[in-house]
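Student: Fold the following and give me the result.
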Amino acid sequence: MPKHKLTDLFIRKLDTPEKRTEIYDTSRGSEGLALRLTPAGTKSFVFRYRFGVVKRYTIGRYPAVSLAKAREEVKELSYQVSKGVDPNVEKKKRKETRSVLQFQDLASKYKSIHLPSLRETTSQEHTRIIDSELVPVLGKMDLDQIDKSQILSLLDSKAIKQGKKTMANRIRTRLHSIFEFGIQRGLVDKNPVSGIKPFPEGEKQRERYYSDKEIKLLWSAFDEQDEPSRSLMKMLLLTGQRKSETMKMRWIDINGDIWTIPKNVAKGKRSHDVPLSDMAMDILKEIKASPDKGRYVFASPVLNDAPISDIKRSVKKVRRFSTKEDEKFKVSDFRLHDLRRTFATNLAKLSVDRTVLGKILNHKGLAGGSRITAIYDRHEYLTEKRAAMQKWNDHLNEILSRE
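Tutor: Have a look, this model is predicted:
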């Protein structure tokens with residue numbers, strides 16, 4: 001019965017044995033924990049205990065189950081044994097209880113317990129993936145029947161047959177999270193997604209931003225759209241803020257030339273002050289002059305007292321728009337998020353300090369938020385942010401005024 005203090009480095013360097021071998025952990029507090037090696041190359045954690053006779057309880061495969069997680073599990077199992085509870089008997093009972101549970105039951109619990117803690121837009125996207133991509137395929141399957149081969153079949157169909165690698169990676173991430181939730185709740189013993197790697201070309205970062213000529217064309221295209229889409233798209237280009245946050249702009253959040261995005265709307269759940277330039281204020285004055293439609297600046301044309309939620313039709317119209325002078329010139333790949341990237345790129349070209357740019361975008365990593373107090377963020381940088389916003393305002397005005 002070989003023994004050794006288990007570490008990740010030690011485990012990774014172990015060679016495949018000729019016969020099944022168990023190496024017992026000598027770390028304090030991990031009595032009974034062993035690493036099992038097989039000729040097939042698998043490495044898994046087991047717990048050796050005495051319950052009348054010597055028994056072994058399989059914890060899970062490494063690295064899907066980490067060494068730290070295995071040690072935590074051993075402490076809980078040791079406690080059960082000390083109280084006269086046989087872990088293997090309890091495991092069998094759980095399996096018998098779970099046999100009637102289907103994937104759709106686990107997904108339903110995940111949506112009701114886990115998703116409410118997330119941002120509204122994130123929760124909505126996760127719900128869409130679960131309801132549209134996962135439940136139709138796995139919903140009626142018993143949890144114990146779902147294995148790695150079935151998940152790979154689902155992901156390969158989406159990534160290879162349909163050519164949607166990005167969505168396949170998102171589906172994989174959501175599935176992994178659902179099964180981890182199930183493990184924490186005692187509904188499943190293992191996560192069949194563990195060990196399945198994302199598609200390497202699935203998540204390509206888009207780097208598109210618009211040239212001055214395209215900006216001028218887009219502004220003309222915005223002018224051709226109905227309200228509130230017209231003003232919303234202009235505001236996105238002027239402020240560089242996120243679409244979901246800008247759509248929910250309320251009149252009560254605007255104080256003078258400062259728009260405060262509340263923490264329940266802003267990404268990262270931290271409120272964010274956005275100075276509004278002259279052109280942005282002109283847009284607000286024009287909207288304010290129209291009949292009052294409720295709390296929201298960009299009010300829904302369909303629902304009462306609700307923000308606009310979808311401008312896909314306007315986006316498609318912008319993609320088809322071309323100038324009379326050059327009928328072939330279009331921005332056919334137009335996306336709303338590219339306006340934020342165009343805003344940031346131009347501020348960088350105008351020599352706006354990187355930290356100030358990060359503060360304007362409310363990008364924690366870029367702004368170095370972890371190194372500065374929240375009070376300093378909110379007040380001392382307001383002057384710099386206002387100057388940068390007006391600098392972009394003047395530059396944009398100059399672009400739009402060119403012959």
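
Student: Going by C-alpha atoms from here, please, whenever you check contacts or count neighbours.
Tutor: Will do.

Student: For stretch 188-201, C-alpha coordinates in PDB please.
Tutor: Output in PDB follows, covering the C-alpha atoms of stretch 188-201 (Å, rounded to 0.1, in the frame of the first residue of the first chain):
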ATOM      1  CA  VAL A 188     -26.000  13.900  -9.600                       C
ATOM      2  CA  ASP A 189     -22.700  12.300  -8.700                       C
ATOM      3  CA  LYS A 190     -20.600  13.400 -11.700                       C
ATOM      4  CA  ASN A 191     -20.300  16.100 -14.400                       C
ATOM      5  CA  PRO A 192     -20.200  14.400 -17.800                       C
ATOM      6  CA  VAL A 193     -19.100  17.700 -19.400                       C
ATOM      7  CA  SER A 194     -15.800  17.700 -17.400                       C
ATOM      8  CA  GLY A 195     -12.900  17.000 -19.700                       C
ATOM      9  CA  ILE A 196     -14.800  18.200 -22.900                       C
ATOM     10  CA  LYS A 197     -12.800  21.100 -24.200                       C
ATOM     11  CA  PRO A 198     -14.300  24.100 -26.100                       C
ATOM     12  CA  PHE A 199     -13.900  24.400 -29.800                       C
ATOM     13  CA  PRO A 200     -10.600  26.400 -30.300                       C
ATOM     14  CA  GLU A 201     -12.100  28.600 -33.100                       C
END
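
Student: Not counting that stretch itself, show me its contacts.
Tutor: Under the contact criterion Cα atoms under 8 Å, 6 or more residues apart in numbering, stretch 188-201 has outside partners 60, 64, 98, 143-144, 146-148, 151-152, 159, 165-166, 168-169, 172, 175-176, 179-180, 182-183.

Student: Give me the subset of the residues you listed lying in strands.
Tutor: Counting by DSSP state E, the part of the contacts of stretch 188-201 found in strands is residue 60.

Student: Out of the contacts of stretch 188-201, list just those in helices.
Tutor: 98, 148, 151-152, 165-166, 168-169, 172, 175-176, 179-180, 182-183 (DSSP state H).

Student: of those residues, closest to residue 394?
Tutor: residue 166 (38.0 Å; Cα to Cα).

Student: ok so, going back, tell me the buried residues within the ones in helices among the contacts of stretch 188-201.
Tutor: 98, 151, 165, 166, 168, 169, 172, 175, 176, 179, 180, 182 (16 or more other Cα atoms under 10 Å).

Student: Retrieve the pLDDT associated with the fourth one.
Tutor: Just to be clear, that refers to residue 166. You'll see residue 166 listed with a pLDDT of 89.

Student: For residue 200, see how far away it is.
Tutor: Distance, residue 166 to residue 200, using Cα to Cα, to the nearest Å: 10 Å.

Student: Give me the common contacts of the two.
Tutor: By Cα under 8 Å, 6+ apart, no residue touches both residue 166 and residue 200.

Student: Can you tell me, leaving aside adjacent residues, what's nearest to residue 67?
Tutor: Spatial nearest neighbour of residue 67, excluding adjacent residues (Cα to Cα, 6 or more residues apart in numbering): residue 8 at 7.0 Å.

Student: Show the residue spans covered by the helices in the stretch 51-200 of the chain.
Tutor: Using DSSP state H, counting those that start in this stretch, the helices of the stretch 51-200 of the chain run over residues 67-82, 87-98, 103-113, 120-129, 135-138, 148-156, 165-184.

Student: again, but for the stretch 251-400 of the chain
Tutor: 278-289, 312-320, 337-349, 354-361, 364-367, 374-379, 382-401.

Student: distance of the residue minimising distance to the centre of the chain from residue 178?
Tutor: The centroid of the chain falls nearest to residue 122 when counting by Cα atoms, centre = their mean (6.6 Å). When distance is defined by Cα to Cα, residue 122 is 15 Å away from residue 178.
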